[in-house]
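**Student:** Predicted model and sequence below, questions to follow.
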Amino acid sequence: MLLLIIRHGESEADILKVHEGRADFSLTARGHKQALEMASYVKEHYAITKLYSSTLKRAKQTARYLSDLFNIGIEFEEDLMEFNNGLLAGLSFEEAKEKYPLIKNLPIDQAVYGQESKLEFRNRADRVLKKIISEGKEDDTIAIVSHGGMINQLYRSFLKLPVQEDAFFITGDTGIHVWKIGVGINYIIKSNISEHIIGI
């Protein structure tokens, strides 16, 4: 089984310089172009048999390009949504910093400002990854469209890293990560493929 983990394209929040998270912004014109180029790249290199997406607009809009090219439906999963950043959603970085300052060394099972905890975030990733894999077949190629923060949690789940692990996996706009589910072992084949948006 192959998994293609894909981040959405550029969103309006990227231009506005605000905290996104659960703020439900759409793709920009550039983001739509990135998503189209990503889908074309995937079509050229892989044969997707199943497609999952976060329920947030920027992910749904990105996933639709894959759905149209491969003529397959999208299975929407709320657990693939970005980190629930609570009261910070949609605020400028400056306003959020003033109103809701960072609290260092917060225990992983605790949260502030209406957010979810690190533990809850990781548990969502564990749950949705397990569900998607269990619903797939050995010869499936499954695309998952999500968000930068959730992709990091999916990596940690896939690699069975501790919840408190601070490792960060870079993924740019419409970055593609290729994983393989083997017999008793998981493989990272490629990480953050982004050649399809060079020059966009």
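**Tutor:** Received it, and whenever you're ready, just let me know what you need.

**Student:** OK, contacts around residue 42?
**Tutor:** Taking CB atoms under 8 Å, 6 or more residues apart in numbering, we find residue 42 in contact with 4, 6, 48, 66, 69, 143, 176. Where you see a C-beta, it was placed from the backbone N, CA and C, and this is true even at glycine.

**Student:** Go ahead and report the secondary structure state at the nearest residue to residue 106 once chain neighbours are set aside.
**Tutor:** Spatial nearest neighbour of residue 106, excluding adjacent residues (CB to CB, 6 or more residues apart in numbering): residue 112 at 6.9 Å. Going by DSSP: H, G, I helix; E, B strand; the rest coil, the secondary structure assigned to residue 112 is coil.

**Student:** element containing the residue of the chain positioned farthest from its centre, please.
**Tutor:** Taking CA atoms, centre = their mean as the measure, the residue most remote from the mean C-alpha position of the chain is residue 98, 27.8 Å away. Element membership of residue 98, judged by DSSP states H and E, is helix 93-99.

**Student:** May I see the buried residues of the helix or strand following that helix?
**Tutor:** Per DSSP H and E, the first helix or strand lying C-terminal to helix 93-99 is helix 118-135. Across helix 118-135, burial judged by 16 or more other CB atoms under 10 Å covers 118, 121, 122, 123, 124, 125, 126, 128, 129, 132.

**Student:** mind putting those in a markdown table, pLDDT included?
**Tutor:** As requested, the buried residues of helix 118-135 are exported to a markdown table (pLDDT from 0 to 100):
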| residue | pLDDT |
| --- | --- |
| 118 | 96 |
| 121 | 98 |
| 122 | 98 |
| 123 | 98 |
| 124 | 98 |
| 125 | 98 |
| 126 | 98 |
| 128 | 98 |
| 129 | 98 |
| 132 | 98 |
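
**Student:** report the longest strand in the chain, please.
**Tutor:** strand 186-193 (DSSP state E).

**Student:** residues touching residue 111, list them.
**Tutor:** Residues near residue 111 by CB under 8 Å, 6+ apart: 86, 117, 120.

**Student:** Number of residues surrounding the second one?
**Tutor:** When neighbours are defined as other CB atoms under 10 Å, residue 117 has 17 of them.

**Student:** how about the strands of the protein, start to end?
**Tutor:** Counting by DSSP E, the strands of the chain are 2-7, 50-53, 75-76, 141-146, 176-181, 186-193.

**Student:** Each with direction, which strands does the shortest one pair with?
**Tutor:** Looking at strand 75-76 with DSSP bridges, its partner strands are strand 50-53 (parallel).

**Student:** Alpha carbons only: can I get the partner strand in PDB?
**Tutor:** Below are the C-alpha coordinates for strand 50-53, written out as PDB (Å, rounded to 0.1, in the frame of the first residue of the first chain):
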ATOM      1  CA  LYS A  50      -8.700   6.200  -2.800                       C
ATOM      2  CA  LEU A  51      -8.800   9.800  -1.800                       C
ATOM      3  CA  TYR A  52      -9.200  11.300   1.700                       C
ATOM      4  CA  SER A  53      -9.300  15.000   2.700                       C
END
